[in-house]
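1. here is a sequence together with a model predicted from it:
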Amino acid sequence: MLFKGVLTSISLAIAAVTTVVAVPVKKTLEVRDDEGGDQTNGLTDLVAWDTHTLKINGEPLFLFSGEFHYYRLPSPGLWTDIMEKFKALDYNGVSFYFFWGYHSPKKGVYDFTGIRDVQKAFDAAKNTGIHVISRAGPYINAELDSGGFPSWLAQMQSPARKYNPENNAASEEWLTEIDKYMVANQITKGGPIILNQVDNEFSYNTDPKYMEMLKAKFLKDGMEVPTIFNDAGPNGNFAKGPGSVDIYGWDQYPAGFDCSNPLAWPNNRSTTFRDFHERTNGDQPMAIYEFQGGAFDPWGGPGYPECYKMVNEQYAKVYYKNNYAQGVRIQSLYMTYGGTSWGGLPKPTVYTSYDYGAAISEPGLMTTKAYENKLQATFLHTVKPFLTTKHFDPESDKRDIILIDGLADVNTPTKFYIAQHQLTKSEDKDEFHINIKTTDGKFEIPRSSKLILNGRDAKILTTDYAFNSQHLVYSTSEIFTHQDVGSHDVIIVYAYENEEGEFAIKVKKDKSQVETDDDSVKSETSDGILQLTYKHPNGTTPVYISGGTEKELLILVAGYDSALRWWAPYTEEKKGERALIHGPYLVRSAKKDESTIAFTGDIDETTDIQVVLPDGVKFITWNGESVKLTKQDKHGIYTGTLEFKKPDIKFTDLTEATWKYKAASPETDPEFDDSEWVTADHLSTNSTTPYDTQPILYADDYGFHTGCLWFRGKFNGSSEITGFNITAHSGDASAWTAYLNNEYLGGFDVGNHAFTDLNGTKIKADGENVISLLLWTTGHEDDFSADENFKQARGFTQAELLGVYNQTIWSIDWKVQGNLGGEDLADPVRGPYNEGGLYGERNGWHLPGFPDDDWEDVNIPESKNRTGVSWYRTTFDVNIPDGYDVPMSLRYKDDTKTRYRTLLFVNGWNMGRYGNDLGPQTQYYLPKGILNTQGKNTLAIGVVAIDEAAQLGEVVLEPYKVLQAALPEVELVDSPGYDTRQQS
Ligand code: GAL
């Protein structure tokens with residue numbers, strides 16, 4: 001504990017000023033080196049910092065964090081699964097954006113229950129030992145509807161993200177609610193939150209008074225952890241002066257978001273972070289609160305496999321290591337698990353899957369990039385001198401093509417050399433040398449082998465490094481981790497297969513012996529330095545050094561692919577102690593007692609494993625079952641096999657299932673009773689979208705915010721009326737269809753359409769005519785630039801009759817309809833983004849237990865072309881035995897000729913919007929918990945024909961992968977049925 005006495009008096013001072021909001025003064029608690037001491041925000045010393053790193057409970061650390069959105073995985077049981085995967089990859093942080101709109105369907109109404117229970121997200125992080133960066137906005141962006149704002153905020157007259165009474169009150173309303181959870185989950189209260197972000201990327205149209213208001217509110221509510229800000233790039237917003245935060249940082253997405261040309265990287269990564277940071281906030285650790293971990297993909301885009309290709313493991317090597325070279329010591333990868341923008345969560349540009357090409361894929365699967373991130377994170381947590389370095393410019397050859405950043409620890413002689421191509425996208429294979437200065441002398445390394453960068457690679461070389469009882473002079477192979485196992489030490493190093501490596505260690509006598517089966521290993525000892533050269537194998541080669549070092553040393557030389565499958569989970573027995581295991585798909589945890597290490601994890605096939613057991617440990621278990629081990633040598637290496645037992649997985653073949661069909665657009669019928677609909681009679685709006693005609697036909701103004709919208713307009717016929725002119729306004733991938741007196745007039749992208757020459761044909765000259773417009777919306781825009789963009793309308797800017805001389809604004813009477821209940825949700829459990837205004841949605845046709853007995857029996861794929869909106873229902877069974885993780889999906893198979901859209905409801909949950917004519921998504925993830933994986937499920941699909949008619953193609957259930965897994969328990973989420981809807 002740092003300076004307890006000083007802190008007690010600080011806390012007392014704070015306690016005394018609960019009503020007056022005091023801006024805390026940063027405190028310097030301790031002077032550690034010549035670069036300034038530890039600082040705190042004056043509210044807690046549990047999270048302190050110096051110029052290099054954060055210090056949690058006094059301990060410096062590299063914060064290796066990743067973004068995760070609980071609302072993009074609507075199954076709280078799986079939050080623990082994802083946190084365990086973060087932990088397995090050696091992340092020690094997670095960044096949570098909190099989504100205001102997800103919790104608030106209506107001004108003053110908040111919900112934190114069920115899938116919205118944020119406490120469960122905090123618990124998942126805490127129970128796995130992951131620190132949380134809390135980011136409650138109020139604005140968050142994140143490719144969400146309104147950038148995370150609640151839909152009702154669009155009705156606010158005053159500008160959002162600005163200091164004004166109306167907006168302040170709205171922001172404070174949200175913060176009051178979310179702060180109840182955040183305050184209680186801070187590290188100061190025994191919880192996981194260590195940093196708290198204020199707004200997000202508030203980098204355009206900024207307002208420091210607004211930032212001050214938010215800070216004051218957090219403070220007043222009891223937030224004590226340091227505040228942070230995520231600038232949209234290194235621009236210096238809120239680093240200093242009014243609105244500034246405790247630890248400033250920025251975000252960066254160097255590859256951009258166009259995944260259609262994934263291998264076309266930019267020429268350069270940033271080499272200016274260091275100078276910028278020095279100038280801007282050199283007294284704080286360098287923080288990138290979002291660094292590109294993948295990319296989002298738009299409707300019609302190339303699809304997430306391409307985004308993964310763009311931001312792949314090579315990208316992770318080059319760009320993340322460049323960040324470390326620049327000095328970054330707080331890094332959060334956005335996204336690390338992207339998940340699903342189910343229902344109406346996404347903003348218009350993006351579709352349902354938010355896989356993001358992230359390290360952990362949408363169904364929770366590992367990728368090579370995840371393993372690469374593990375290699376980096378484990379290194380950063382193992383090799384402590386890396387935390388406290390200063391940059392220097394080393395001597396090296398090939399400087400025009402190879403960039404070497406030098407980092408020298410300020411506390412020990414350890415130095416690091418980070419090598420990458422000057423041209424980031426270079427695919428050349430180049431050999432290079434570095435002149436290093438160590439306490440054992442100066443060397444040009446490598447001394448007798450080749451050091452290469454093969455294309456898009458970057459390497460961190462470590463020199464002059466005391467670890468366990470050893471002293472490394474240098475290694476041209478990268479370090480994964482090292483561990484004292486009792487009688488000897490173990491270090492794991494790696495590079496791409498067939499690359500040469502050189503590893504030099506100090507030895508006391510020249511009598512040291514090298515034992516290995518690998519012929520490529522050569523050794524030479526001179527001047528007290530034992531130098532090994534070798535070729536990185538396919539696999540992992542043990543090399544054992546005895547007789548020269550204080551303790552003997554086992555060097556495990558791994559080829560890259562083999563290194564990816566090394567795991568070093570903490571043993572939970574001794575602080576910092578790691579267990580070493582090679583082979584499994586995923587190792588979630590390790591628990592050690594005197595004789596046994598109990599591992600938990602997942603395998604996807606029968607897997608040969610290697611373990612390095614510490615002295616005394618003779619046994620291991622895997623998911624509770626003992627594993628037969630064979631001793632390989634006297635150095636603690638054992639091998640064994642984890643048997644994959646093929647499970648008996650069953651699920652219904654949907655092409656064989658009985659489906660029920662019902663036509664579902666009665667709204668087009670002139671006789672349809674819309675007397676209960678809302679009359680559209682507003683003459684003004686707070687929307688930023690200019691209107692051409694009145695009344696205002698913006699659904700948000702009438703309390704309907706999500707999904708499909710119906711507008712019905714009635715006018716009395718006259719022979720003068722030749723047609724009408726309609727302009728739809730909505731986001732990307734929206735569409736609308738128009739009907740007159742039950743007749744289809746066309747389906748369109750948003751924009752204007754004039755329906756002409758209808759007099760004497762479709763328009764009745766006598767009596768009432770009814771226009772029915774169905775608008776398929778895709779959410780609200782975001783507010784990235786703080787310019788009120790989220791207030792853009794969803795509806796029609798223009799609706800006027802043509803041919804009418806002296807047309808009055810009242811010539812069409814309009815009514816509007818959206819989701820049942822509007823802001824007073826008919827289904828608060830599933831929440832504000834689950835249902836829209838289709839007739840089937842309003843009448844609960846998507847819900848389990850809806851009586852569809854009198855519907856027509858059909859097969860899917862459909863044999864008939866159906867006009868308007870159609871609904872299909874069936875039930876299906878899934879049986880996935882315990883002990884297995886088999887993430888499931890539903891896939892559409894159709895050609896893309898017909899324009900139709902669908903909504904996919906599983907057990908009443910809207911798990912996806914599908915655009916047959918748009919793509920690219922055809923596969924929809926159905927997370928366990930929403931999906932009953934051991935029983936019956938209800939499937940309902942609403943099909944909206946944009947063309948006059950549509951014929952639903954094939955629909956199949958499809959597993960992504962079969963894992964024999966230590967998946968944490970996942971409870972079924974509450975999925976109220978049709979019966980509860982009837983009672984409400
Ligand atoms: C950032 C923003 C995030 C997200 C990301 C792109 O600029 O802070 O919320 O939108 O871009 O996925």
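-> Noted; the coordinates are in hand.

2. from here on, contacts and neighbour counts on C-alpha atoms
-> Fine.

3. in contact with Asp489, which residues?
-> With contacts taken as Cα atoms under 8 Å, 6 or more residues apart in numbering, Asp489 has the following neighbours: Asn468, Ser469, Gln470, His482, Gln483, Lys551, Glu552, Leu553, Leu554.

4. drop anything exposed from those residues.
-> Neighbour counting over those (16 or more other Cα atoms under 10 Å) leaves Asn468, Gln470, His482, Gln483, Lys551, Glu552, Leu553, Leu554 as the buried ones.

5. hmm, back to that, nearest to the ligand among the contacts of Asp489?
-> The shortest separation between the ligand and any of the contacts of Asp489 is 35.4 Å, and it belongs to His482 (by Cα to the nearest ligand atom).

6. bridging residues for that closest one?
-> Beta bridges link His482 to Ile491 when assigned by DSSP bridges.

7. so it touches His488, yeah?
-> No - between His482 and His488 there is no contact, the gap being 10.9 Å when judged by Cα atoms under 8 Å.

8. helix or strand for the closest residue to the ligand within the stretch 301-450 of the chain, which one?
-> The ligand sits closest to Tyr334 of the stretch 301-450 of the chain, with a gap of 7.1 Å, by Cα to the nearest ligand atom. Per DSSP states H and E, Tyr334 falls inside strand 328-337.

9. and the angle from the helix or strand that that strand is followed by to strand 328-337?
-> Moving toward the C-terminus from strand 328-337, the first helix or strand encountered (DSSP H and E) is helix 368-382. An angle of 150 degrees separates the directions of helix 368-382 and strand 328-337 when computed by axes from the mean of the first three to the mean of the last three Cα atoms, to 10 degrees.

10. got the residues of the stretch 201-350 of the chain near the ligand?
-> Within the stretch 201-350 of the chain, the positions near the ligand by Cα under 6 Å from any ligand atom are Glu201, Ala232, Phe296.

11. could you do the chain as well?
-> Checking the chain against the ligand by Cα under 6 Å from any ligand atom, the hits are Ile140, Asn141, Ala142, Glu143, Glu201, Ala232, Phe296.

12. just give the number of residues close to the fifth one.
-> Using other Cα atoms under 10 Å as the criterion, Glu201 is surrounded by 23 other residues.

13. that one falls within a strand, correct?
-> No - assessed with DSSP: H, G, I helix; E, B strand; the rest coil, Glu201 is coil; it does not lie in a strand.

14. roughly how far apart are it and Ile140?
-> 8 Å (Cα to Cα, to the nearest Å).

15. ok, back up a step: kindly state the pLDDT recorded for the residue of the stretch 301-450 of the chain closest to the ligand?
-> Predicted confidence (pLDDT) for Tyr334: 98.

16. from memory it sits against Val311, does it?
-> No - counting by Cα under 8 Å, Tyr334 sits too far from Val311 to count as a contact (11.3 Å).

17. for Ala568, what are its contacts?
-> Residues near Ala568 by Cα under 8 Å, 6+ apart: Thr378, Thr481, Arg578, Ala579, Leu580, Ile581.

18. what residues are up against the first one?
-> Read it as Thr378. Thr378 sits next to Leu89, Asp90, Phe480, Thr481, Ala568 when contact means Cα under 8 Å, 6+ apart.

19. skipping adjacent residues, who's closest to the last one in space?
-> For Ala568, ignoring the flanking residues on the chain, the nearest one in space by Cα to Cα, 6 or more residues apart in numbering is Leu580 at 4.8 Å.

20. helix or strand: which one has the residue of the stretch 701-850 of the chain found nearest the ligand?
-> Nearest to the ligand in the stretch 701-850 of the chain, going by Cα to the nearest ligand atom, is Phe784, at a distance of 7.8 Å. If you go by DSSP H and E, Phe784 is not part of any helix or strand.

21. repeat that for Ala216.
-> Under DSSP H and E, the secondary-structure element containing Ala216 is helix 208-221.

22. now the buried ones among the contacts of Asp489 in TSV, with pLDDT?
-> What follows is those, written out as TSV (pLDDT from 0 to 100):
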residue	pLDDT
Asn468	96
Gln470	97
His482	98
Gln483	98
Lys551	93
Glu552	95
Leu553	97
Leu554	98
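
23. out of those residues, which sit inside strands?
-> Judged by DSSP state E, the subset of the buried ones among the contacts of Asp489 located in strands is Gln470, His482, Gln483, Glu552, Leu553, Leu554.

24. now for these, which pair is the farthest apart?
-> Greatest spatial distance among these (Cα to Cα): His482 and Glu552, at 13.0 Å.

25. against Leu642, how distant is Asp608?
-> Asp608 is 6 Å from Leu642, by Cα to Cα.

26. and those two? which has more neighbours close in?
-> Leu642 (20 against 13).

27. ok, now which ones touch the nearest residue to Phe784 once chain neighbours are set aside?
-> The shortest distance from Phe784 to any non-neighbouring residue, by Cα to Cα, 6+ apart, is to Asn141 (6.3 Å). Contacts for Asn141 (Cα under 8 Å, 6+ apart) come out as Gly147, Gly148, Asn200, Asp782, Asp783, Phe784.

28. now Gly344
-> When contacts are counted by Cα under 8 Å, 6+ apart, Gly344 touches Asp145, Thr706, Gly707, Thr778, Gly779, Tyr833, Asn834, Glu835.

29. count the neighbours of the fourth one for me.
-> Each residue near Thr778 was counted by other Cα under 10 Å, and the total is 27.

30. go on, the last one?
-> Using other Cα under 10 Å, Glu835 is surrounded by 31 other residues.

31. how is this structure divided into domains?
-> Using automatic domain parsing, the domain ranges for the chain come out as 12-366, 382-642, 653-664+827-983, 683-800.

32. any low-confidence regions in this structure?
-> Low-confidence segments of the chain (pLDDT under 70): 1-36, 806-810, 982-984.

33. of all the buried ones among the contacts of Asp489, which comes closest to Thr349?
-> Set against Thr349, the nearest of these by Cα to Cα is His482 (45.7 Å).

34. ok, the closest one to Val612 distance?
-> 11 Å.

35. now Ile133
-> Going from Ile133 to Val612 by Cα to Cα gives 35 Å.

36. ok, those two, which is more surrounded?
-> Ile133 (26 against 21).

37. would you mind naming the residues that bridge with the more buried one?
-> In this entry, Ile133 is beta-bridged to Ser95, Leu195, by DSSP bridges.

38. that one contacts Gly191, doesn't it?
-> No - Ile133 is not in contact with Gly191 according to Cα under 8 Å; the separation is 11.6 Å.

39. sweet, I'm off.
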